[in-house]
Structures are given as C-alpha cells and as structure tokens.
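Visitor: okay, structure incoming, though there's no sequence with it:
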C-alpha cells in the first residue's frame with residue numbers, strides 16, 4: 001500500500017451506523033454492512049489466507065522436489081512434510097505478531113482512560129469524534145494469541161529440524177541426548193534454540209501489553225527474535241554469509257510488517273468506524289517501506305542463490321522464484337490502487353468500508369500465497385549450493401571473505417562489500433530527510449541548505465566507512481579497523497549533528513489529533529525519555545564516548561565484534577551513537593540534552609580528547625596482540641606483522657583525533673560567539689524597551705500635570721503658566 005493524505009474524513013452519515021452507550025462495546029461501527037456480517041467477512045479473508053498459503057507451499061514443494069525422500073537417512077514423511085508446514089505456521093504467526101503490535105504502536109488509536117482525558121483536557125485541540133479503542137484492543141488480543149502460537153510452532157520447528165538433520169525421525173534410543181547435543185554444540189541447533197527462547201519471551205511480553213509503549217517494545221522484541229531465524233537460512237561458511245543473513249533478516253522484517261499489518265487491519269476494520277480512513281492511510285505509509293525492504297532484500301537474496309539469470313527459466317527454484325516475483329508485483333500494484341483510489345473513496349463517504357474490502361480482502365489472500373511460495377523456496381535447494389566453501393586459506397576460514405588486494409589509497413576507494421543493514425539505513429536517512437525538507441518548502445518554510453549538505457555528507461561518509469575500503473580492510477588489519485572506528489565515532493557524528501534531524505522532523509512531521517502515536521509523537525517521547533536524558537547528559541555522554549573504548553578493546557567484546565556479524569553491527573551502532581550523543585552536547589541544536597555553558601563544553605571536549613589520545617598511546621605501547629586468536633592467525637600474503645600493524649593502529653587512534661577535536665573546538669567557539677551576539681542584541685533591545693517605557697511614563701506624567709493645571713486655570717484657582725515641553729527620545 002502507498003501513502004495517503006493525513007486527516008479524518010468528512011461526509012454524510014453512513015447507513016448501518018450503530019452507537020453503544022456503555023463501555024466494553026464498540027462505540028461506533030461505520031460500515032456499509034451490518035457489523036456482524038462485516039466482522040465475519042474479515043475473519044473469512046484473514047483465515048482464508050492460511051489454506052491458500054498451504055496450497056501454494058505444497059505446489060512449490062512438489063515443483064522443486066523438496067519433499068522427495070533423500071537417498072540417505074530418510075527421516076520419514078512426517079518430518080519431510082511436517083517441517084515445511086510448521087515453518088509456514090511460524091512465519092504466519094510471526095507476521096501476525098509483528099503486524100499486530102506495530103499497528104498498536106503506530107497506527108491504531110487507543111481509548112484513553114478518564115483520568116488521562118481529564119489531565120489532557122485543553123492541552124490539544126478538540127477531536128472531531130471520540131475514539132473507543134475497540135480495534136486497538138482487538139489487535140493487542142490477536143497479537144497475544146499469535147505470539148503464543150509462534151512460540152509453540154518455533155519449538156516444533158526446532159524438533160523437526162533436528163529430526164531432518166539427523167535423518168532418524170522422532171524418538172528412539174538416545175533421542176534426548178542427541179537433541180541436547182544439537183542445541184548446545186551444533187550452530188544450527190544453537191540458533192534455533194535462541195529463536196525458541198526469544199519467541200517465548202515475546203509471548204510473555206505480548207500477554208502483558210496494555211499501552212503504546214509496551215506494544216512498541218513487544219514489536220521490537222519480535223523483530224529481534226527473527227534474527228536467529230535469519231541465521232539458519234545460510235551456512236556460516238558459505239559464500240556471502242553476512243550479506244545473506246542481513247538481507248534475509250530485512251526480508252523477514254519487511255514481510256512481517258507488510259503481511260501482518262494488513263491482516264490485522266482487515267480483522268479490525270469493522271471496529272474502526274470513522275477512524276478507518278486514517279488507519280488505512282497510516283498503514284499505507286508503513287506498507288511502502290515494508291514493500292521496499294522486502295523487494296530490495298529479496299533481490300539481494302536471489303543474487304547470491306542464482307548462478308545466472310538463466311536459472312529463472314531452467315531451474316525449478318528459479319521458476320518458483322518467478323511466481324513469487326509476479327505475486328509480489330501484483331501486491332505492489334494493489335498498494336498503488338489503494339493510494340490512488342481506495343483511500344479517497346473511503347474518505348468521500350466518511351468511513352465506509354466497501355471500497356476497502358474490494359481490494360484489501362483479495363490482497364490478504366494473495367499475501368497468503370506469497371508466504372506459501374516463500375516457505376517452499378526456503379525448503380528447496382537453490383542453483384548455487386549453500387554449503388561451506390572449500391577455501392583452505394586462513395583468511396577465508398576466519399573472516400568468511402577472500403583476501404582483498406594489497407591496501408593502497410586507490411583500493412580504499414574501489415573495494416566495496418555490501419552491508420544491507422547500513423546501506424538501507426543510509427538510503428532511508430537520505431529519503432526521509434530530503435522529504436522533510438521538501439515538505440517544509442512546499443508550505444513556505446525554509447531550511448538551511450548547509451544543514452542539508454552536512455546531513456547528506458555524513459550519511460555518504462557513513463556508507464563508505466561501513467561498505468567501502470575501511471570495512472573491507474578493517475576485517476583483516478587492525479590499523480584499518482581503527483580508521484573505520486575513528487571515522488565512525490569522531491567524524492561521521494559531527495556531520496549528522498550539524499544536520500539537526502530532530503529539529504527538522506519536529507517541524508515537518510504532522511501532529512496526530514486522535515491520541516495515537518505517529519513518528520512525531522514517538523520521536524518526541526524518545527528525545528524526552530529518561531533513558532535519553534541519562535545518556536545525553538554531558539558527563540555520561542563524555543564517559544560513554546571515551547570509556548567505551550577501553551571496555552570494548554580490552555575485553556572479549558572486541559573479539560566478538562570481529563568474529564560475529566551481530567557483534568560487528570552492534571559495534572557500528574554503538575560507537576556511531578556514542579559519537580553522535582557527545583557531539584550533540586557540544587554543537588547540536590536538537591532538543592533533548594542539557595547543554596552546559598560554553599567554557600564547560602570546551603573543558604569537556606579537551607579532557608575527553610586527552611583521554612582518547614592516552615588510549616591511542618596505550619595501544620602503541622602494548623606488547624601483546626589484541627584479539628590474538630583473530631589477527632594472529634590470518635596469514636595474510638603481504639607479510640604483515642600483526643603487532644607492528646597494531647602499533648600503527650594506535651598511532652592512527654592518537655593522531656586522527658586532532659582534526660575532529662579542532663573542528664569541534666572551532667564549532668563550539670563559533671556557537672559561543674553567536675550566542676553572545678544574540679544575548680547582546682537581546683540586551684540592547686531590552687534596554688531600548690526600558691528607555692522607551694521610561695520616556696512614555698515621563699511624558700504621561702507631564703501630560704497629566706498639564707491637564708490638571710489646565711483644569712485649575714479654568715476654575716480660576718491658579719494663574720496661567722507657560723507650557724511644559726515633553727522630553728524627546730535621545
């Protein structure tokens with residue numbers, strides 16, 4: 001679905017409106033049919049998608065031959081057919097869980113308590129109608145049930161996967177010991193065990209959801225629970241492992257948001273009433289991003305699983321992939337029709353659901369078929385084997401990537417290795433920021449071109465640091481790793497802070513009037529939260545900026561950031577945020593942190609950078625190799641001395657900080673000068689106002705005396721006097 005116009009529709013009363021005067025019921029159901037009929041139609045569409053998904057999955061498995069008995073160690077038809085069926089159930093339950101709590105967090109309005117309504121009375125413009133929150137409660141309930149189903153299905157998936165790998169079926173002598181060994185010693189089993197644990201945690205959070213915040217945390221936890229599932233879709237030693245894992249996780253995120261959101265919207269449409277146009281429009285914005293993520297991540301996954309475009313025609317996997325692509329394209333067309341036709345029609349009749357059901361019901365059924373085809377693809381062997389690559393070089397065995405060319409200034413610019421997570425973050429950051437700027441200009445407001453240029457430069461630099469030469473060589477050279485680290489923590493954040501994204505977002509994003517939380521409300525809630533206030537405190541931000549260096553590099557965290565894809569992504573996220581929070585305290589204009597006086601900022605800057613330089617010197621003086629089990633065994637063909645390269649990295653850490661420090665000091669000084677100029681101008685204006693007020697008071701006193709004297713002269717009480725001239729302003 002695509003974005004729609006923000007607002008609440010107006011129109012004539014719709015036939016079939018029912019009002020209930022007591023709590024616990026739907027306060028207003030506005031549909032083109034009776035509520036019972038509309039609700040049953042919703043359940044028919046939502047539940048009808050599951051059999052269609054089963055049918056599509058079965059057809060796909062038969063086409064690719066994925067359920068045929070293997071030549072060796074056949075686990076039996078129960079496992080061969082049961083594993084794809086359980087996989088489909090886990091995907092469906094995950095989609096509904098993620099979709100339900102995402103809708104609760106950012107789309108659907110929740111009924112406020114009487115106390116909250118009284119407390120906020122007069123704080124915002126009156127809404128055009130009350131919100132009963134029936135759809136919100138339904139969504140939360142559906143999410144809780146689906147989360148429990150997801151956890152149980154994930155447990156069954158673990159058991160059936162073990163039986164499929166071992167090839168002995170379920171049960172038998174020593175089955176318990178084999179299963180325990182599978183989940184503790186085998187990588188696939190450990191990932192599935194983590195997935196089972198996380199989905200169980202999500203189910204506990206789901207049943208406790210009672211507000212926007214708890215719904216948002218549950219949705220985030222559900223998305224995190226999908227990551228171990230992504231790890232099971234590609235062998236750790238296979239080619240492009242990191243690309244496959246990241247793209248598959250993003251694909252799962254996009255699918256669950258897209259499919260689950262529309263499913264829940266269909267279930268709650270009959271209870272939305274006049275809120276239906278807004279709910280559909282808000283879901284449209286969400287669906288655009290979900291569709292984009294799904295398509296781009298799907299392309300990346302197909303790229304590493306197909307040997308050539310000819311596989312789309314000659315290989316069963318490619319033929320099934322074509323079916324999925326066509327169905328996904330059809331769903332994209334349906335989303336465009338929602339934007340151009342459905343949402344305006346719903347608004348034109350004041351909330352009637354007839355236009356919505358004409359397209360959304362069929363869309364849900366097609367989504368079911370897409371999920372079924374996707375499960376069949378995941379259970380089938382692609383043209384490119386996903387087994388570990390037989391590369392005996394130490395570099396490949398440790399890093400999972402081949403040795404790049406000898407590092408030079410040119411290769412740092414020409415060597416690239418795609419990281420879908422950071423690349424998507426950069427693309428989204430550019431699109432959203434520039435979209436906000438365009439929105440401001442269309443309504444006649446202005447935004448600094450310099451701040452826009454700073455934001456774009458910061459994101460492009462971040463893209464190169466995480467996908468270009470620093471990322472490629474940072475996996476094998478400590479010195480290159482420190483170049484990447486220093487740029488992430490000290491250079492990129494300066495540009496991003498100068499872009500002032502929060503200030504721009506607050507000015508550009510619309511404010512919701514029905515009590516629900518949109519991007520603007522969530523952004524302000526995050527900026528003014530206790531957690532943000534703690535980490536953005538000047539002392540805490542400085543301690544995090546400098547102290548996390550020691551904690552990371554002098555503990556096993558450094559080894560984990562090198563060995564694991566998750567550790568690497570968390571390292572990038574943490575140090576970029578740490579640098580951003582520290583720079584925002586010094587030179588930012590965004591709301592949130594309590595910024596100290598300018599002299600204190602300079603003292604804080606120089607003290608922090610002195611500690612940073614001391615850290616670099618400590619690296620230079622080390623006689624032991626950090627992450628020795630990693631850098632000490634790479635066996636690079638260039639005759640690299642790992643300890644000497646580590647000393648070089650320490651020198652880079654010590655020396656590279658001078659330029660960002662100087663830039664920050666200049667920025668603080670300039671801000672200080674501008675602040676004093678503004679204070680001086682305010683003082684001058686206040687002095688002028690005070691002088692004008694004094695003159696006005698003096699002249700008014702003279703006028704009063706003149707009037708009193710004139711009255712006395714008219715009465716003959718005093719002799720005439722010469723006029724008194726009022727004082728003029730100097």
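Guide: Yes, it's here. These figures come from a predicted structure and were not determined experimentally.
Visitor: what's the domain layout of the chain?
Guide: Domain assignment for the chain by automatic domain parsing gives 42-70+77-114+131-378, 394-656.
Visitor: possible to save these as JSON lines with mean neighbour count?
Guide: C-beta here means a position set from N, CA and C on the backbone, and glycine is covered the same way. Formatted as JSON lines, the domains of the chain follow (neighbours: other Cβ atoms under 10 Å):
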{"stretch": "domain 42-70+77-114+131-378", "mean neighbour count": "21"}
{"stretch": "domain 394-656", "mean neighbour count": "17"}
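Visitor: what's the least confident stretch among those domains?
Guide: For these, the bottom mean pLDDT is recorded on domain 42-70+77-114+131-378, which sits at a mean of 85.
Visitor: now render the domains of the chain as TSV, adding distance to residue 668.
Guide: Formatted as TSV, those follow (distance: least, Cβ to Cβ, whole Å):
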stretch	distance to residue 668
domain 42-70+77-114+131-378	35
domain 394-656	5
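Visitor: who wins for proximity to residue 674 among those?
Guide: domain 394-656 (10.4 Å; Cβ to Cβ).
Visitor: endpoints of that closest one, how far apart?
Guide: Start and end residues of domain 394-656 are separated by 31 Å (Cα to Cα, to the nearest Å).
Visitor: still on that earlier bit, nearest to residue 704, of the domains of the chain?
Guide: Across those, closest to residue 704 is domain 394-656 (Cβ to Cβ), at 46.5 Å.
Visitor: so who does residue 160 touch?
Guide: Taking Cβ atoms under 8 Å, 6 or more residues apart in numbering, we find residue 160 in contact with 79, 82, 83, 86, 170.
Visitor: which member of these is positioned nearest residue 111?
Guide: For the contacts of residue 160, the nearest to residue 111 is residue 86 (37.2 Å; Cβ to Cβ).
Visitor: quick one: what helix or strand has that closest one in it?
Guide: Following DSSP states H and E, one finds residue 86 within helix 77-106.
Visitor: quick one, strands of the protein?
Guide: Taking DSSP state E as the criterion, the chain carries its strands at 18-19, 28-29.
Visitor: point to the residue nearest the middle of this structure.
Guide: With distances taken as Cα atoms, centre = their mean, the residue of the chain nearest its centroid is residue 425 (8.2 Å).
Visitor: how close does it sit to residue 226?
Guide: When distance is defined by Cβ to Cβ, to the nearest Å, residue 425 is 17 Å away from residue 226.
Visitor: just residue 270 next, same as before
Guide: 30 Å.
Visitor: contacts only, for residue 245.
Guide: 230, 231, 233, 234, 565.
Visitor: quick check: closest non-adjacent residue to it.
Guide: Leaving aside its sequence neighbours, residue 245 sits nearest to residue 230 (Cβ to Cβ, 6 or more residues apart in numbering; 5.3 Å).
Visitor: show me where the stretch 351-500 of the chain has its helices.
Guide: Per DSSP state H, counting those that start in this stretch, the stretch 351-500 of the chain carries helices over the ranges 354-378, 394-399, 409-414, 420-442, 449-467, 469-474, 478-486, 492-498.
Visitor: ugh, wrong one, I meant the stretch 51-200 of the chain
Guide: Going by DSSP H, counting those that start in this stretch, the stretch 51-200 of the chain shows helices at 77-106, 114-119, 134-166, 175-185, 187-207.
Visitor: can you add distance to residue 317 and give those helices back as JSON lines?
Guide: Shown next, in JSON lines, are those (distance: least, Cβ to Cβ, whole Å):
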{"stretch": "helix 77-106", "distance to residue 317": "15"}
{"stretch": "helix 114-119", "distance to residue 317": "54"}
{"stretch": "helix 134-166", "distance to residue 317": "19"}
{"stretch": "helix 175-185", "distance to residue 317": "27"}
{"stretch": "helix 187-207", "distance to residue 317": "21"}
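Visitor: select, out of these, the one closest to residue 444.
Guide: Short answer: helix 77-106, nearest of these by Cβ to Cβ, at 28.3 Å.
Visitor: relative orientation of the closest one and helix 354-378 in degrees?
Guide: Angle, helix 77-106 to helix 354-378, by axes from the mean of the first three to the mean of the last three Cα atoms, to 10 degrees: 140 degrees.
Visitor: tell me the angle helix 77-106 makes with helix 134-166.
Guide: Going by the same axes, to 10 degrees, helix 77-106 makes 150 degrees with helix 134-166.
Visitor: distance between helix 77-106 and the chain's centre?
Guide: In this view, helix 77-106 has its centroid 21 Å away from the chain centroid, taken as Cα atoms, centre = their mean, to the nearest Å.
Visitor: what separation is there between the closest residue to residue 100 other than its chain neighbours and residue 89?
Guide: Nearest residue to residue 100, sequence neighbours excluded (Cβ to Cβ, 6+ apart): residue 143, at 3.0 Å. With distances taken as Cβ to Cβ, residue 143 is found 16 Å from residue 89.
Visitor: quick one, what contacts the residue nearest to residue 575 when sequence neighbours are not counted?
Guide: The shortest distance from residue 575 to any non-neighbouring residue, by Cβ to Cβ, 6+ apart, is to residue 489 (4.4 Å). Contacts here follow Cβ under 8 Å, 6+ apart; on that basis residue 489 touches 545, 575, 576, 578, 579.
Visitor: can I assume the third one is in contact with residue 492?
Guide: Right, residue 576. Yes. With contact defined as Cβ atoms under 8 Å, residue 576 counts as touching residue 492 (6.3 Å).
Visitor: list the residues that contact both of those two?
Guide: By Cβ under 8 Å, 6+ apart, the residues touching both residue 576 and residue 492 are residue 462.
Visitor: chain center to stretch 291-308, what's the gap?
Guide: 20 Å.
Visitor: er, stretch 558-578 actually
Guide: 17 Å.
Visitor: what's in contact with it?
Guide: Against stretch 558-578 from outside (Cβ under 8 Å, 6+ apart): 227, 241-242, 245-246, 421-422, 462, 466, 475, 485, 488-489, 492-493, 541, 544-545, 548, 552, 557, 626-627, 629-630.
Visitor: sweet, I'm off.
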